[in-house]
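1. predicted model follows, preceded by the sequence.
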Amino acid sequence: MSVSHVSLRLLASVCAFAILVASVACNPGGGPAAGGNVSLQGAGATFPNPLYQKWLSEYGKLHTNVKIDYQSIGSGGGIKQIKEQTVDFGASDSPMKDEDLKAAPGEILHVPTVLGAVVITYNLSGVSQALRFSPDVVADIFLGKVTKWNDARIAADNPGVTLAGGNITVVHRSDGSGTSAVFTDYLSKVSAEWKEKVGTGTSPSWPVGLGGKGNEGVTGQVKNTPNTIGYVELAYAVQNKLPVAHIKNSAGSFIEPSIDSVIAAAAASAASMPDDLRVSITNATGAQAYPIASYTYILVYKDQKDQAKGKALVDFLWWGLHDGEAFAKELLYAPLPADIVKRAEAKINSITAGGTPLRQS
Amino acid sequence: MSAVRENEGLAFVGQGSTWRRALSPTGNTGDAVFRVLMLGVALLMVGIVVAMVAALTADSMASIRQFGFGFLTSQRWDPVKGDFGALPFIYGTVASSLIALLISVPFSLGIAIFLVEQAPHYISRPVGFLVELLAAIPSVVYGLWGIFVLAPFLRNYIDPALASAFGWLPLFKGQITGIGLLTGGIILAIMVTPIISAVVRDVLAAVPGSQREAALALGATKWEMIRVVLVNGAPGIAGAVILGLGRALGETMAVTMVIGNRAQISPSLFDPSYTIASAIANEFTEATGDLYLSALVELGLILFLVTFIVNGIARVLVWNVTRKTGGVGRAA
């Protein structure tokens, strides 16, 4: 009796082992297939990091077999790492340049995820309502040409506001940042002098001002120093209840920065979006469009080397564009307008592994 | 401290005429193994330094080829146009560290002398502990304190006072924002003071009591006795200052937050400036393009060299001081 008991046990464990072997055998090379574990690595922009972390944790709850990591090392790092194929996806606030795309070993797709905006904040005593600025005045303040708060051109945009005569102190980001890139992209569009003298970049050579490290550094200096003006991300300004300026857009109306006016900017420029979705939406045309806004992108290779990883990546991106967008507003990002989602879907659908599309499989 | 280590090294080299004897002068296997191990550790250290310089040089080749020596003298730093020069960063690094030392050395000496020579035990223990505690505060906390407390304080009280008293000097001209070279130097001074004072305190405490007794017995006043102690401790004190200088040159976070981060050379201490370490910390993450990255790496290489040179100069000064006073101190 005891003998049969033992053999039964033995039989059971042999069966279990056989099942285990079979399941591994179904999955040659240990590559993760349905039921297997997949891990994806991403790196890049710091701006969307809070949203991506939210996505990862929510997506992780739904798909326990997929493990995704995102390192917010900055857009520059994201572009570098996707080029060098050390990550499965990169992320960047500004689209990759043509020469970077050419230098990459394969075709890289830009999938927009959310929108961000840059706002102008200031510290000026005796002003209760939001200040208004025309684009050329903003450019000339940051060029160091408008130096007094009671300058006639500032006063012209702000009728009924009494401006004291203090010297303007400009505060800008000292660290390389997508925020600076978006802001200088805007200034280059509205001021020929800015474009020629300074140009667009993550750390341009600022004509005047103090540098603060990060949004918090700029905010700290603006909050603490009278007569300062600086720029930060919209989400950061809202969270910290900073005074923000209304900016005159290309349609001639002064627009308060908000999630809705940022979506309006994206919607207004949707028609002119190129096929590769690399676009700057600063100085957008719509009547309600806030002019200093931009997309942030996830960067992926069009042809994935690993079928299982590629499939997981495509599913994650698809989820992000649909379910993930729901988290955008609560984290103070502007979700994509519907027609941009359609175009991003097309990009995801075009991702293949060894020539076969991953999305349908 | 490191001067002592060097002397040991010399003794070690001088002792053995052959490798065998040097490795195991006593013929004991344990000693031999220990010596080889220690030699390995020491060589590893040297190897790491050499490897670092080599790696930095290799990665900065693009920038070195492009700009040559002009990199050291150019004041332009424009990543958008791909034009890079290091002079403003070198100036900011050296100037902020010098300001820090000018402020912190007298303070540190005062603290150490008070703790060792004057304070009763029930005061010197807690005060010494508090001073050392300052060294344990993370630099980002210093930076935040700098932005929110020190900068407004300087802007509202100290800077205007300096401007009205010494405004005729170019050092104290210009717009007062509370953010700039002077603020960076003061933050650094506060950060290096605990290091310098702690080491100086140990140095003074190590001066034999017999020295003090001898001085007093010869009719010296307390101040004259302290001078004897200071002269005896001079090499150690200089070592402490070098240690503080090293910290000041390489400090990144706190300085970045209050120095204004502007690549310019201005005679005014109120104007924003920039240090090498801050520039690297600020710009490295978002640096795209090989030349830009290479220029940042070259900045790192220059910081290495600046530290090396400044340390070398300090070492020579110490050596001179010891030669002059060493005889007296040791004979006494």
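-> Sure thing, it's come through.
2. give the contact list for residue 226.
-> I went with chain A, as the question did not name one. Neighbour list for A:Pro226: A:123-125, A:166 [criterion: CB atoms under 8 Å, 6 or more residues apart in numbering or on different chains]. In short, each C-beta sits where N, CA and C put it, glycine included.
3. sorry, should have said chain B
-> B:113, B:117.
4. quick one: name the residues of chain A near chain B.
-> Proximity of chain A to chain B (CB under 8 Å from any CB of the partner chain) is limited to residues A:46, A:73-77, A:79-80, A:97, A:100, A:167, A:169, A:174-178, A:184, A:198-206, A:209-213, A:217, A:220-221, A:224-225.
5. circling back: need the contacts of A:Pro226 in CSV (columns: pLDDT and neighbour count).
-> Putting the contacts of A:Pro226 into CSV (pLDDT from 0 to 100; neighbours: other CB atoms under 10 Å in any protein chain shown) gives the following:
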residue, pLDDT, neighbour count
A:Asn123, 93, 19
A:Leu124, 92, 18
A:Ser125, 89, 9
A:Gly166, 89, 15
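6. give the helix, strand or coil label for the closest residue to chain B within the stretch 51-200 of chain A.
-> Residue nearest to chain B within the stretch 51-200 of chain A: A:Gly176 (2.7 Å; CB to the nearest CB). Per DSSP: H, G, I helix; E, B strand; the rest coil, the local secondary structure of A:Gly176 is coil.
7. for residue 132, give me its contacts.
-> No chain in the question, so chain A it is. With CB under 8 Å, 6+ apart, A:Arg132 has these contacts: A:157-158, A:245-248, A:254.
8. oops, I was thinking of chain B
-> B:194, B:198.
9. so it belongs to a helix, correct?
-> Yes. B:Glu132 forms part of a helix when assessed by three-state DSSP.
10. how close does it sit to A:Thr285?
-> 62 Å (CB to CB, to the nearest Å).
11. of the residues of chain A next to chain B, which belong to strands?
-> A:169, A:210-212 (DSSP state E).
12. spatially central residue for chain A, please.
-> Nearest to the mean C-alpha position of chain A, by CA atoms, centre = their mean, lies A:Thr296 at 2.9 Å.
13. in its sheet, what does the helix or strand harbouring that one sit against?
-> Secondary structure assignment for A:Thr296, by DSSP states H and E: strand A:293-301. Counting by DSSP bridges, the strands paired with strand A:293-301 are strand A:89-92 (antiparallel), strand A:108-123 (antiparallel).
14. looking at this, B:Gly143 is in a strand?
-> No. Counting by three-state DSSP, B:Gly143 is not found in a strand; it is helix.
15. now it. Nearest residue, chain neighbours left out?
-> Take B:Gly143 and drop its neighbours on the chain: the residue closest to it by CB to CB, 6 or more residues apart in numbering or on different chains is B:Met257, 3.4 Å away.
16. enumerate the residues of chain B near chain A.
-> Neighbours of chain A within chain B, by CB under 8 Å from any CB: B:76-81, B:144, B:147-148, B:151-152, B:155, B:175, B:177-179, B:256-257, B:260-263, B:272, B:274, B:278, B:281-288.
17. pull out the buried residues from those.
-> For the residues of chain B next to chain A, a neighbour count by 16 or more other CB atoms under 10 Å in any protein chain shown gives the buried set as B:77-80, B:144, B:147, B:151, B:155, B:177-179, B:256-257, B:260-263, B:272, B:274, B:278, B:281-288.
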